[in-house]
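Colleague: Provide a 3D model corresponding to the input given below.
(one chain, ligands or ions: 3)
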Amino acid sequence: MVVASPTPIRSEKIQAIELPIIDLSLANNNNKRSELQNRIVRACEEFGFFKVINHGVSQETIAKMEQESLSFFAKPVPEKQLSGPANPFGYGCKNIGFNGDTGEVEYLLLNTHPLSIAQRSKTISNDPIKFSSAVSGYIEAVREVACELLDLMAEGLQVPQTSVFSSLIRDVDSDSILRLNYYPPMPILCKDNDTSPSSNYTTRVGFGEHSDPQILTLLRSNDVGGLQISLDDGVWVPVSPDPTAFCVNVGDVLQAMTNGRFVSVRHRALTNSDQSRMSMAYFAAPPLNAKITALPEMVSTIKPSLYRTFTWADYKKAAYSLRLGDSRIDLFRKQGEEVA
Ligand SMILES: C=C1C[C@]23C[C@@]1(O)CC[C@H]2[C@@]12CC[C@H](O)[C@@](C)(C(=O)O1)[C@H]2[C@@H]3C(=O)O
Ligand SMILES: O=C(O)CCC(=O)C(=O)O
Ligand SMILES: [Fe+2]
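Modeller: Ligands and ions are numbered 1, 2, ... in the order given. Take a look at the predicted model:
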């Protein structure tokens, strides 16, 4: 197997994008709820990404999770390795997935089932009860935010069964996961000691280009930038970091359930030259046996369903057999159906 080396890329000075802002406190305001639904729907159609403020997750819940995460990544490597290798859960360093993808990232991938968290905490922390309580508290809080957003999306799409998306995540068998990413500072590479402001500067990729496979991702990062999204082919647009907000993106499953109306957009994370970046991503996923198919309201004679029905287990199997940057959802596209 050929193992790819971490890709250095040219640093380009592209202005950061201001993602659509969703103020979740408006969800409880009867006069504003429908405007909020439309705003979320538009963001999912146009960008596949938005920023959520006033989300209701307490600063304490986030700080506890962040502190546990920092303490873990600050440990000596041999200690961290006791929680690895990631298969897919556990501690991973530079290797992403099983097919030779690499990046300048260390991570902990956790199954969100309470029993699994309790069990794994024993190898992760010297105080497993404190670690698992921080993780469980964080997961419960972000799951609530994810469910509220998904209900608003269904309402905005005029789908009568408004819990059609959120019920998949609330299911006890939901396959949701939590990923803690740590990107150590990486000096910018400069070819031939040439310090002129030309194209010789390169930045290292922390987490390569991909789309998220699940329904919805809620990402919280520290105040160090690095996330970029690919809005138009070939152009990478940086997203400004905001530790008080969640950066939310549509996953492949939601793209399929909305018959391509919502877009699962490719993104990546670059390292920073002098500061470490830390991100915590909650990937809201259905149960393994859930059948994924376009909602009837999203299908018509002029917009026939783009994808075959598949189970989340089928999709995961395909995802783990592919490279990070491969398009997984295309495997499930019906012949002859073009995505708008
Ligand atoms: C190369 C891979 C890593 C990944 C599984 C895959 O085979 C393709 C998708 C990757 C991804 C991207 C989003 C999430 O970070 C992730 C946990 C997921 O569900 O799909 C990772 C997988 C991983 O790191 O194991
Ligand atoms: O760390 C980030 O900002 C992005 C990470 C990411 O895309 C992922 O974990 O899937
Ligand atoms: Fe991602």
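Colleague: From now on I want contacts and neighbour counts done on CA atoms only, so please keep to that.
Modeller: Noted.
Colleague: Most proximal residue of this structure with respect to ligand 2?
Modeller: residue 227 (4.5 Å; C-alpha to the nearest ligand atom).
Colleague: Nearest residue to that residue in space, please, no chain neighbours.
Modeller: Nearest-residue entry for residue 227: residue 269, 4.4 Å, with adjacent residues in sequence omitted and distances by C-alpha to C-alpha, 6 or more residues apart in numbering.
Colleague: Does that neighbour fall in a helix, a strand, or a coil region?
Modeller: strand (DSSP: H, G, I helix; E, B strand; the rest coil).
Colleague: From ligand 1, how far off is it?
Modeller: Relative to ligand 1, residue 269 is positioned 11 Å away (C-alpha to the nearest ligand atom, to the nearest Å).
Colleague: again, but for residue 130
Modeller: According to C-alpha to the nearest ligand atom, residue 130 stands 24 Å off from ligand 1.
Colleague: now the stretch 51-200 of the chain, which segments are flagged as low pLDDT?
Modeller: 189-200 (pLDDT under 70).
Colleague: how about the helices in it?
Modeller: All helices of the stretch 51-200 of the chain, identified by DSSP state H, counting those that start in this stretch, fall at 59-73, 77-81, 114-124, 128-156, 166-170.
Colleague: Next, the angle from the fourth one to helix 114-124.
Modeller: Spelled out, that is helix 128-156. Here the directions of helix 128-156 and helix 114-124 differ by 140 degrees (axes from the mean of the first three to the mean of the last three C-alpha atoms, to 10 degrees).
Colleague: Would you check that residue 228 makes contact with residue 234?
Modeller: No - the criterion here is C-alpha atoms under 8 Å, and residue 228 misses it with residue 234 at 11.7 Å.
Colleague: neighbour count winner among the two?
Modeller: Using other C-alpha atoms under 10 Å, the more surrounded residue of residue 228 and residue 234 is residue 228, with 20 against 7.
Colleague: what does the stretch 151-300 of the chain put close to ligand 1?
Modeller: Counting by C-alpha under 6 Å from any ligand atom, the stretch 151-300 of the chain comes close to ligand 1 at 212, 213.
Colleague: Up against ligand 2, what does the stretch 151-300 of the chain have?
Modeller: By C-alpha under 6 Å from any ligand atom, the part of the stretch 151-300 of the chain that sits against ligand 2 consists of 181, 212, 227, 268, 269, 279, 281.
Colleague: In space, not sequence, find me the middle residue of this structure.
Modeller: residue 217 (4.0 Å; C-alpha atoms, centre = their mean).
Colleague: neighbours around residue 44, how many?
Modeller: Residue 44 has 24 neighbours, counted by other C-alpha under 10 Å.
Colleague: what's the helix or strand for it?
Modeller: Per DSSP states H and E: residue 44 is located in helix 33-46.
Colleague: Quick check, the residue in the stretch 1-150 of the chain closest to ligand 1?
Modeller: Counting by C-alpha to the nearest ligand atom, the stretch 1-150 of the chain gets nearest ligand 1 through residue 97, at 3.7 Å.
Colleague: count of residues packed around residue 76?
Modeller: Counted with other C-alpha under 10 Å, residues neighbouring residue 76 total 9.
Colleague: Residue 323 too?
Modeller: Neighbours of residue 323 (other C-alpha under 10 Å): 16.
Colleague: Quick check: residue 150 vs residue 327, distance?
Modeller: According to C-alpha to C-alpha, to the nearest Å, residue 150 stands 24 Å off from residue 327.
Colleague: related to what we said a few turns ago, is it possible to export the helices of the stretch 51-200 of the chain to TSV including mean neighbour count?
Modeller: Below are these laid out as TSV (neighbours: other C-alpha atoms under 10 Å):
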stretch	mean neighbour count
helix 59-73	17
helix 77-81	15
helix 114-124	17
helix 128-156	20
helix 166-170	21
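Colleague: closest to residue 306 out of the ones you listed?
Modeller: If you check each of the helices of the stretch 51-200 of the chain against residue 306 by C-alpha to C-alpha, helix 128-156 wins as the nearest, at 19.2 Å.
Colleague: buried sites along the helix holding residue 44?
Modeller: By neighbour count on 16 or more other C-alpha atoms under 10 Å, the buried set for helix 33-46 is 33-34, 36-46.
Colleague: for those, which one is nearest residue 252?
Modeller: So of those, ranked by how close each gets to residue 252 (C-alpha to C-alpha), first place is residue 44, at 12.0 Å.
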